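**Q** this is the structure alone, sequence omitted:
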Ligand code: SF4
């Protein structure tokens, strides 16, 4: 077992898959299943290509292997296990999808239109709920419910592709930055990346994929060793252990120095420039001293700092009420970083009017009698 622990130091175990669907298979594993069922294994590739072409549905008429195969296979194996429960579109075009699974659980997945015409960025969840306990995050309020299967992650990507197509766009980049800690569900995340980036299936380049983490050091090293060629985003949010432990409890196990060392190892092994995510909270992590400390962490380390103005979610996990810093304070903070030679930008918060902060749509809908769609 991978040595991960939740915010109360309890070990995390992988859950077994909940509902089997065609999205649970890659081409080799479906070939093996078809062979065992007496069909030609070569049908697997055509079947899965049709599934991905249809963004999770299969056009039976277009299938060369024939309806008999499909009828036999899909009698106990539906094309996908999820459905779209709700779809909210914000004024800036950000589309938030609530994707529901057969066991009644749901996760959020987000499509953000690019400023460039015709393309969009997608964001997928990797777990239902989250055990990490970040104090400013809505996703962790109910703790971890379960890991998503690789197929369930793939299905979010397919829902995003369908939503993008209906808006005249295509998904150009994908981040694992929704609900959950991707590196605490390592095998399923890697399995999903394999299918999403397979030229015959999802066909999204691995350079277009980013895995985000709160800093699970063994997971960062394992991701580097896997040589997936994906990007790494590190949710740092504070440069000192005292502040970070309050905001991101896993810091007690993996302190800032260890996390930054792992990010440097990832950079050295993969050649990829990591992104340091820093959610700006008034009076908590936005002081001049903390800007200097952050700049110190970046000494001799080529990485991009993304400053994210906080998206208020009301009282937080510890009961604190965080606020977004004043504009002048944020400008002063980024100014110090840039003076010290750090590459730093503000990331625009998108879709505020559709509860775009992590886990907010799921919470909002859970508190309503019926979900809108
Ligand atoms: S910010 Fe991410 S890792 Fe932290 S509790 Fe929320 S979903 Fe989990």
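**A** Received, thanks. Predicted model, so just to flag it, every value in this text is computed and none were measured. Numbering: from 1, shown residues only.
**Q** could you use CA atoms for every contact and neighbour count after this?
**A** Will do.
**Q** other SSEs contacting the longest helix anywhere in the chain?
**A** Looking across the chain with DSSP state H, the single longest helix is helix 150-166. Where contact means 3 or more C-alpha pairs under 8 Å, 6 or more residues apart in numbering; DSSP states H and E, helix 150-166 is packed against strand 82-89, strand 106-113, strand 119-124, strand 170-176, helix 186-197.
**Q** the fourth one pairs with which strands?
**A** Going back to what we said before, that points to strand 170-176. strand 119-124 (parallel), strand 209-213 (parallel) (DSSP bridges).
**Q** returning to that earlier point: how distant is the longest helix of the chain from the center of its chain?
**A** 13 Å (C-alpha atoms, centre = their mean, to the nearest Å).
**Q** one step back: and the helices and strands packed on helix 150-166: which comes nearest the ligand?
**A** strand 170-176 (9.7 Å; C-alpha to the nearest ligand atom).
**Q** who's in contact with that closest one?
**A** Residues from elsewhere that reach strand 170-176 (C-alpha atoms under 8 Å, 6 or more residues apart in numbering): 118-126, 160-161, 164, 182, 204, 208-212.
**Q** among these, name the buried ones.
**A** Buried members of the contacts of strand 170-176, counted by 16 or more other C-alpha atoms under 10 Å: 119-126, 160-161, 164, 182, 204, 208-212.
**Q** near the closest residue to residue 191 other than its chain neighbours, how many other residues are there?
**A** Spatial nearest neighbour of residue 191, chain neighbours left out: residue 150 (5.5 Å); criterion: C-alpha to C-alpha, 6 or more residues apart in numbering. Using other C-alpha atoms under 10 Å, residue 150 has 25 other residues around it.
**Q** pretty sure residue 150 contacts residue 192?
**A** Yes. At 4.6 Å, residue 150 and residue 192 qualify as touching, with contact defined as C-alpha atoms under 8 Å.
**Q** so which residues on this protein come close to the ligand?
**A** Contact residues (C-alpha under 6 Å from any ligand atom) of the chain with the ligand: 130, 132, 133, 134, 137, 139, 140, 179, 180, 181, 214.
**Q** between those residues, which is closest to residue 312?
**A** residue 137 (9.5 Å; C-alpha to C-alpha).
**Q** residue 269 and the ligand: what is the separation?
**A** Residue 269 is 24 Å from the ligand, where distance means C-alpha to the nearest ligand atom, to the nearest Å.
**Q** the helix or strand in which that residue is found - what's its average pLDDT?
**A** Following DSSP states H and E, one finds residue 269 within helix 256-270. Averaging pLDDT along helix 256-270 gives 97.
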